[in-house]
Every structure is written in structure tokens, then in C-alpha cells.
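Chemist: Got a predicted structure plus its sequence, pasted below:
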Amino acid sequence: MDIESEISMSSYFKRYGQISDSSSSNNSMIPPLPQNPIFTVKLSPIMLHLRRCSRKIKKKKLTQPLLKKKKKKKSISSSVKFLSRGSFNAAVQKRSTTVTRNGGVRKVSSWVKSRLLGEGGYASVYLATSKDDRYKTERAIKSAELSKASSLMHEGRILKRLQSPFVISCYGDEIAREGTGHEYNLVLEYCAGQCLVDLIEDNHGGLSEFDVKQFSRDVLSGLSYIHSRNIVHCDIKPDNLLLSPVDHRFRFNGYLIKIADFGLSMEKGSVEYGNGCGHMRGTTRYMAPELIGHGVVDFGVDIWAFGCSVLEMLTGQMVWGEHGDLVFDDWVKLIGHTDLIPRISSRLSEEAQDFLRRCFVKEPGSRWRINELMNHPFLYSDVDFSHNGFVYD
């Protein structure tokens, strides 16, 4: 719904100055003003989200630091992964030899954490500034207790190899003493627009198809890049798609989507990946049939999860929401061992409905691939989408 803002007479004078009287003027004539000047400003839903985000940030700075915004409880939204003890020990041992530039453990972190941004299944994320940076550049610090940091260390190793406008940037890591223990800190790009799930929640009834198309192309471009590096993300969902503010000259809605949270990702061809079978990881609601039913990981699981995210953007409703909160075994039966696919609203455009059906093909070999989806009529446009100097392939 459009919001109308009225600027009163006093606000007008504040902005443009008082009317000087004729004795002090230098023969300048000021035309009379209307009695009640009203200026109407109409803001799009996404602009309203940007304004709300800035208000939330200002509000939180006035309250106690490290307090997290209270969100709806989602008992089934946390990511899951079954990790062997051997894998954990190998991760910690491998990382402990390259902690800082001089090869040691820091006594104190080089970052000052100012606010808790969010918490995940294996780490917490804070807004922070560097003690050594006189420009006080803001970064997101993802932290975990060292003894529980194997997934976060894995994420760091993956992100250091990636460089794309559609993937969150990694600027390094450290192990620092925290209280009586040690924490592993991963230094990441800070996306001030928060994450896609916040935008969806702020816009009841879903986003406009125009915005969904742009965001979908962002995510597909990011997936195309990471898949070209033989990496399967395994946990695509609105919570892991971050909104990075960009100049409105390059993106009308002011945001670019970046893929984040690679803690559950797998590299095809690695020892851990093996033949791609026997892996159970992801967020149940967004898991593809072959993944939740048989533990098979391949690029297609990201396409299915991407389709779930697009569906939530278009409808504003949680995928599989009509089934409520299920226990894990019931999710396995529903997604992995029935012919059901997520419900696609008939109120969506025909092109949008067909696009989603291509993502929700139960047989992974027949599910559409990224290049096919990028050329689907739902996303196709004669005008190139651009963002901050980059153009989609």
C-alpha cells in the first residue's frame, strides 16, 4: 500500500527558509505561497523496507548492544547436517596452523563487535569494525566457539576461493581468545539491507513480479558461478540470500541479492563428496526430493531450493506452509516419497507458474538447469538488467 507523507508549513520554512520582509529585501519579489502547501511522496514497498531497515538500525544503536530482533519461531527452519567426528577433527587440525598472519592465536580479537545481526545453526553474526582501520569500515563477523567451528571453517575455505558480485565476499579470518576459550571469526562483507526473508515479511502478499524477476536473476547468476566451481550450496533459502544496497541508477529497487552461508556446501570431486550419495544436509522445508529422500547431492538440489525461494517471494507465504510444522520423518515422507510438489498459486501469472514447475520437477535429471531458467519467458527481457556496473551474462 502506498504511504503518503505530508510536509507542513513549518517544515517547508525549515527546508526553504523564512520569507523576508519587504524592508530588508533588495527589491526581490517573493511570490505568495499557498495557504496549506502539501507535498505527496509515494514510496514503493521495497523503498519502505529500506527505510524500515535504517530505522531498525538506529533503534538498535540506542538500546543495549548485541540484542537480536525477536522473530517468529520457525521450528523447522534451521539447517541440518550429519557430521562425523573424524571430519570435525580434521577441520580443526587443518585450520589451526594458519590462524593469523604470523601463524599464532590472537590474544584479543582485532574486531569490535557492536550488534548481533543474527544466529544460525552453528554460528552467530555480528556487525563489527576493525580496531586497526581508521576509516571504521563495517564488516559482518561470523563467530563460533573453536571446538564447534568446523562448518564455519569449511565456509571460510570455500568463500576465499569465490569472487562474484552475487556471492558474499570474505576478507579473512582469525582465531582469538574470548573469555576463557577461543573463537573462530570469519570476516565477511556486511549487507545493510538484511536478508530476503525480512523483505518478504515486510511486504505481506509477496513482492512484485518485477522485483522477483530481478532477484531471481541475481540468485541464478550466483548459482551459475558457484556451480562452475563445482560447488553445490545445499542450503539456498531466503534467510541465506542477503540484500546489498546499490545505487538506484543501477537498480530501481535499490538492492542486489548475494548468496551467503556456505557452511553446508559441498565440492564435487572432493573426498567428502565421494559419489554424491549418503549426504543429509540443508533445511528440511527447502530440500529437494532426492536429497531428503536418498541423501543425493548434485546441482539440482540448489535449483529446487531456488524454486522454493521464488515461490515465497511471489506469494509471501512459506513453502509447504499448508502442512504446518512437521517432524523430520514426516518431511522425508512428504517431499521424498510422494508425488507432491509445493503448491503454486493460480493467482500467479502463467509464466511464473510455468517457471516454478520447471524448478519443481521431481526427477532431478529432468529438472531445468540454470541456463534454461535464465532464458525462460518469466525472466527474459529485451532490456539488460544491470547492477553497479555489472551486466548479467
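Modeler: Nice, thanks for sending it over. These numbers come from a predicted model, not from an experiment. Numbering: from 1, shown residues only.

Chemist: For the rest of this, base every contact and every neighbour count on C-alpha atoms.
Modeler: Will do.

Chemist: Confirm for me that S221 is in contact with F166.
Modeler: Yes - contact criterion C-alpha atoms under 8 Å: S221 and F166 qualify, at 6.8 Å.

Chemist: Give me the buried stretch members for the helix or strand harbouring Q214, please.
Modeler: Per DSSP states H and E: Q214 is located in helix 209-228. Buried residues in helix 209-228, counting neighbours by 16 or more other C-alpha atoms under 10 Å, are found at 209, 211-227.

Chemist: With stretch 146-158 instead?
Modeler: For stretch 146-158, by 16+ other C-alpha under 10 Å, it's 146, 149-158.

Chemist: Just the closest of the residues you listed to L186, please.
Modeler: For the buried residues of stretch 146-158, the residue nearest L186 by C-alpha to C-alpha is G156; the value is 6.6 Å.

Chemist: for that closest one, what are its contacts?
Modeler: Residues near G156 by C-alpha atoms under 8 Å, 6 or more residues apart in numbering: 170, 172-173, 186.

Chemist: Count the neighbours of the nearest residue to M318 once chain neighbours are set aside for me.
Modeler: Spatially, and ignoring its direct neighbours in sequence, M318 is nearest to E312 (5.7 Å; C-alpha to C-alpha, 6 or more residues apart in numbering). Residues near E312, counting by other C-alpha atoms under 10 Å, number 24.

Chemist: Okay, E312 and H294: tell me how far apart.
Modeler: Separation of E312 from H294 (C-alpha to C-alpha, to the nearest Å) stands at 25 Å.

Chemist: same thing with S244?
Modeler: Counting by C-alpha to C-alpha, the separation of S244 from H294 is 35 Å.

Chemist: who has more neighbours, the two?
Modeler: Per other C-alpha under 10 Å, whichever of S244 and H294 has more neighbours is S244, with 20 against 16.

Chemist: Spit out the contact partners of the closest residue to K136 other than its chain neighbours.
Modeler: Nearest non-adjacent residue to K136, counting by C-alpha to C-alpha, 6+ apart: T129, 5.5 Å away. Neighbouring residues of T129 by C-alpha under 8 Å, 6+ apart: 111-114, 136-139.

Chemist: Please repeat the previous calculation with a cut-off of 6 Å.
Modeler: 111-112, 136-138 (C-alpha atoms under 6 Å, 6 or more residues apart in numbering).

Chemist: quick one: average pLDDT of stretch 220-228?
Modeler: The average pLDDT within stretch 220-228 is 98.

Chemist: got it, and stretch 284-298?
Modeler: For stretch 284-298, mean pLDDT is 97.

Chemist: What of stretch 262-279?
Modeler: On average, stretch 262-279 scores 95.

Chemist: ok, residues contacting it?
Modeler: By C-alpha under 6 Å, 6+ apart, stretch 262-279 touches 151-152, 155, 230-234, 295-297.

Chemist: in that stretch, what's buried?
Modeler: 262-268, 273, 276, 279.

Chemist: Export the residues you listed to JSON lines and append columns for secondary structure.
Modeler: Formatted as JSON lines, the buried residues of stretch 262-279 follow (DSSP: H, G, I helix; E, B strand; the rest coil):
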{"residue": "F262", "secondary structure": "coil"}
{"residue": "G263", "secondary structure": "coil"}
{"residue": "L264", "secondary structure": "coil"}
{"residue": "S265", "secondary structure": "coil"}
{"residue": "M266", "secondary structure": "strand"}
{"residue": "E267", "secondary structure": "strand"}
{"residue": "K268", "secondary structure": "coil"}
{"residue": "Y273", "secondary structure": "coil"}
{"residue": "G276", "secondary structure": "coil"}
{"residue": "H279", "secondary structure": "coil"}
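
Chemist: Having no further points to raise, I will conclude here.
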